[in-house]
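>>> please find the sequence and the predicted model below.
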There are 2 protein chains.
Amino acid sequence: MANHQQFQLCYQNWMAQQKVDHDELLQGLTNFPTDLDYLQLITKKAINHFENYHTVRAQLAKHDGLSFLAPTWGTTFENSSLWIGGCRPSLIIRLVYVLCGSQINAHLAEVLDGVTRGNLGDLSNFQLKSVDALHIKTIKEEDKLTSALASVQEKVADEPIALLAYNCKKVGESSEGEAVDKAMDTHAFDVYKIIIEADKLRLDILKRMIDILTPLQAVELLLVSKKLNLCLHEWGKRRDFQMGITQLLNTQIPSTSRDPPSE
Amino acid sequence: MANHQQFQLCYQNWMAQQKVDHDELLQGLTNFPTDLDYLQLITKKAINHFENYHTVRAQLAKHDGLSFLAPTWGTTFENSSLWIGGCRPSLIIRLVYVLCGSQINAHLAEVLDGVTRGNLGDLSNFQLKSVDALHIKTIKEEDKLTSALASVQEKVADEPIALLAYNCKKVGESSEGEAVDKAMDTHAFDVYKIIIEADKLRLDILKRMIDILTPLQAVELLLVSKKLNLCLHEWGKRRDFQMGITQLLNTQIPSTSRDPPSE
């Protein structure tokens, strides 16, 4: 059986990978903003890393889908933002809307110092229509999986679990320990299957969004997306520390990932 | 600021209260199945305890709604079944459907040894129609709150949080620490408001269900509901131990609530 620490390690590795990808995307955007081949190369690399992360997650989640639905390794802020074990696929679309015409974009324009044409603030009408269509599709697909998860969660109050609970002679003890284990494993496997579908949707929507964008816009979006993930992780750690959670969780994860921030 | 251990204690107290209520409901059902006044009294007591729990939760959640959305104190099984920080209101209806005509009911009939008339297996057509109507209402209300939570979660990829992340000079560090804290507090308060609404819905649906049922049926439902909650908690602890989670979490919670089961 997979060790729970492997689940935590998988997430920590993914955060570290995102930091590497972030730095590479930033370098690419800063130093080679007109080299389309290079921009496409680093975009593909970042997408591949996301796929690899999903592959490892899928292997681990098969052993216990429940842990990926209610992880102990993320910060409270990150965990409270989860949708079926990860971020909402629609977040990437929200981010495009924000980047398209926000102060972020204005700031980005300054940073790029002249290389503003063709960035996310310059989405064409055709691109905007494609993003809108993708948004509608994404919400529909999210709703389907939200309902599927609700159905699985409701099964907890149905047979066989409710029956096994009723048949306990003493609360919590079970004369049918194997049946309880089997029922919980079945439940965990049902959850695992939905997590896999949710991961597929996350990746699919990201790829479709990249296809709508120019190479420069794609790198911009990935860069801001990585930076947002990394910041939320760091800010979440600081918040957990302030809330008195980190002190407890530091005893749980032997790595540095939950250390109180140095600032 | 509320201590995180208070959040854990609040939950542990609630589990202990549920055990007391369970035992009282079982005694009432076994010894006084025809004493309607007594059955109504213990039903009211159990409902009052649920309300009191919500009052304490609300006071604590005001300090950090996020912790109640992604609690560290429940077992992985319980946490993976959460809907906005608690159980789905529709679960109580699912349980009525299961009790109405399942093996549980047949078994309950044996236990009651003759006092089967008027139990949950004998719901009248009028009652069944009322339960169906309540089911439809519940799903609609759940969907509304699910959407409300989705909107709050999506704000993470919007201003001000996305902008603050973008403006970080170094990932995770923030020259605008106060602004980050404020944005996260605002987010946590938005989450808190939805948790309060979800708690109201959980209580409201339970009360409406009790109103549909006879005093005997109400006690039966509450009894099975408490037993299910308590069993899931105990089985969840055993599962976490088997998955290698409990060992870690035992260092986190100094109480006995996550001790490996003795069986």
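Everything's here; your move.

>>> helices along the stretch 1-150 of chain A, start to end?
Using DSSP state H, counting those that start in this stretch, the helices of the stretch 1-150 of chain A run over A:4-31, A:36-61, A:65-69, A:76-80, A:90-99, A:103-112, A:125-154.

>>> redo those helices as a markdown table? Include mean pLDDT.
Formatted as a markdown table, those follow (pLDDT from 0 to 100):
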| stretch | mean pLDDT |
| --- | --- |
| helix A:4-31 | 94 |
| helix A:36-61 | 97 |
| helix A:65-69 | 92 |
| helix A:76-80 | 94 |
| helix A:90-99 | 92 |
| helix A:103-112 | 56 |
| helix A:125-154 | 95 |
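
>>> list the buried ones in stretch A:14-25?
Across stretch A:14-25, burial judged by 16 or more other CB atoms under 10 Å in any protein chain shown covers A:W14, A:M15, A:Q17, A:Q18, A:K19, A:D21, A:H22, A:E24, A:L25. (Each C-beta comes from the backbone N, C-alpha and C, glycine too.)

>>> do the longest helix along chain A and chain B meet at all?
Secondary structure assigned by DSSP state H gives helix A:177-212 as the longest helix of chain A. Yes. If you take CB under 8 Å from any CB of the partner chain as the test, helix A:177-212 does meet chain B, through A:G177, A:V180, A:D181, A:M184, A:H187, A:V191.

>>> of these, keep whichever come out buried.
A:V180, A:M184, A:H187, A:V191.

>>> so where is the stretch 151-263 of chain A shaky, pLDDT-wise?
For the stretch 151-263 of chain A, the stretches with pLDDT under 70 are A:172, A:174-175, A:246-263.

>>> how many neighbours does A:K44 have?
A:K44 has 12 neighbouring residues, counting by other CB atoms under 10 Å in any protein chain shown.

>>> can you check the one 3 residues further on too?
Using other CB under 10 Å as the criterion, A:I47 is surrounded by 17 other residues.

>>> distance check, it against chain B.
Distance of A:I47 to chain B, given as CB to the nearest CB, to the nearest Å: 19 Å.

>>> what about that residue, distance to B:K45?
Counting by CB to CB, to the nearest Å, the separation of A:I47 from B:K45 is 57 Å.

>>> for B:E154, state which of the residues of helix A:177-212 next to chain B is nearest.
Nearest to B:E154 among the residues of helix A:177-212 next to chain B is A:V191, at 22.9 Å by CB to CB.

>>> what's the first helix or strand after the longest helix of chain A?
For helix A:177-212, the succeeding helix or strand toward the C-terminus, using DSSP states H and E, is helix A:215-242.

>>> relative to helix A:125-154, how tilted is that following helix?
Counting by axes from the mean of the first three to the mean of the last three CA atoms, to 10 degrees, helix A:215-242 lies at 40 degrees to helix A:125-154.

>>> okay, the angle between helix A:215-242 and helix B:177-212?
Using the same axes, to 10 degrees: helix A:215-242 against helix B:177-212 is 80 degrees.

>>> show me what helix A:215-242 is packed against.
Applying 3 or more CB pairs under 8 Å, 6 or more residues apart in numbering or on different chains; DSSP states H and E, one finds that helix A:215-242 contacts helix A:4-31, helix A:36-61, helix A:76-80, helix A:90-99, helix A:177-212, helix A:246-250, helix B:161-167, helix B:177-212.

>>> mind checking which of those is nearest B:V96?
Of all the helices and strands packed on helix A:215-242, helix B:177-212 sits nearest to B:V96, with 6.7 Å by CB to CB.

>>> which other helices and strands contact that closest one?
Here helix B:177-212 touches helix A:76-80, helix A:215-242, helix B:36-61, helix B:65-69, helix B:90-99, helix B:125-154, helix B:161-167, helix B:215-242, going by 3+ CB pairs under 8 Å, 6+ apart.

>>> can you say which of those is packed in most?
Using mean count of other CB atoms under 10 Å in any protein chain shown, the stretch among the helices and strands packed on helix B:177-212 with the largest mean neighbour count is helix B:65-69, at a mean of 27.

>>> is chain A within reach of that one?
Yes. On the criterion CB under 8 Å from any CB, helix B:65-69 is in touch with chain A at B:G65, B:L66, B:S67, B:L69.

>>> do I have it right that the second one meets A:T75?
Going back to what we said before, that points to B:L66. No. Applying CB atoms under 8 Å, one finds B:L66 not in contact with A:T75, separated by 9.1 Å.

>>> give me the common contacts of those two.
A:R239 (CB atoms under 8 Å, 6 or more residues apart in numbering or on different chains).

>>> OK, contacts around A:L36?
A:L36 makes contacts with A:P215, A:L216, as judged by CB under 8 Å, 6+ apart.

>>> returning to that earlier point: redo the residues of helix A:177-212 next to chain B as JSON lines? Include distance to B:S130.
Conversion of the residues of helix A:177-212 next to chain B to JSON lines gives the following (distance: CB to CB, whole Å):
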{"residue": "A:G177", "distance to B:S130": "38"}
{"residue": "A:V180", "distance to B:S130": "33"}
{"residue": "A:D181", "distance to B:S130": "37"}
{"residue": "A:M184", "distance to B:S130": "33"}
{"residue": "A:H187", "distance to B:S130": "30"}
{"residue": "A:V191", "distance to B:S130": "32"}
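
>>> between those, which is nearest B:L216?
Nearest to B:L216 out of the residues of helix A:177-212 next to chain B is A:V180 (CB to CB; 28.6 Å).

>>> correct me, but the closest one touches A:N167?
No. With contact defined as CB under 8 Å, A:V180 does not count as touching A:N167 (10.0 Å).

>>> what sits against A:V98?
Counting by CB under 8 Å, 6+ apart, A:V98 touches A:I104, B:A157, B:D158, B:E159, B:A162, B:L163.

>>> ugh, wrong one, A:N3
By CB under 8 Å, 6+ apart, the residues touching A:N3 are B:G244.

>>> let me know the pLDDT of it.
At A:N3, the pLDDT value in this model is 71.

>>> do the same with A:P33
A:P33 carries a pLDDT score of 92 in this model.

>>> number of nearby residues for it?
Residues lying near A:P33 (other CB under 10 Å) number 21.

>>> list phi and psi for it.
Dihedral pair for A:P33: phi -70, psi -10, per degrees, to the nearest 10.

>>> surely it touches A:L216?
Yes. In terms of CB under 8 Å, A:P33 counts as a neighbour of A:L216; the distance is 6.1 Å.

>>> phi, psi for A:L123 please.
Main-chain torsions, A:L123, degrees, to the nearest 10: phi -60, psi 130.

>>> let me see the contact set for the nearest residue to A:A70 once chain neighbours are set aside.
Counting by CB to CB, 6 or more residues apart in numbering or on different chains, A:A70 lies nearest to B:N79, which is 3.4 Å off, once chain neighbours are set aside. Contacts for B:N79 (CB under 8 Å, 6+ apart) come out as A:L66, A:L69, A:A70, B:A70, B:P71.

>>> nearest spatial neighbour of the second one, skipping sequence neighbours?
Computed as CB to CB, 6+ apart, the closest residue to A:L69 that is not its neighbour in sequence is B:S80, at 4.1 Å.

>>> how about the last one?
When the adjacent residues along the chain are set aside, B:P71 lies closest to B:N79, with 6.2 Å between them (CB to CB, 6+ apart).

>>> please tell me how far that neighbour sits from A:K62.
Going from B:N79 to A:K62 by CB to CB gives 19 Å.
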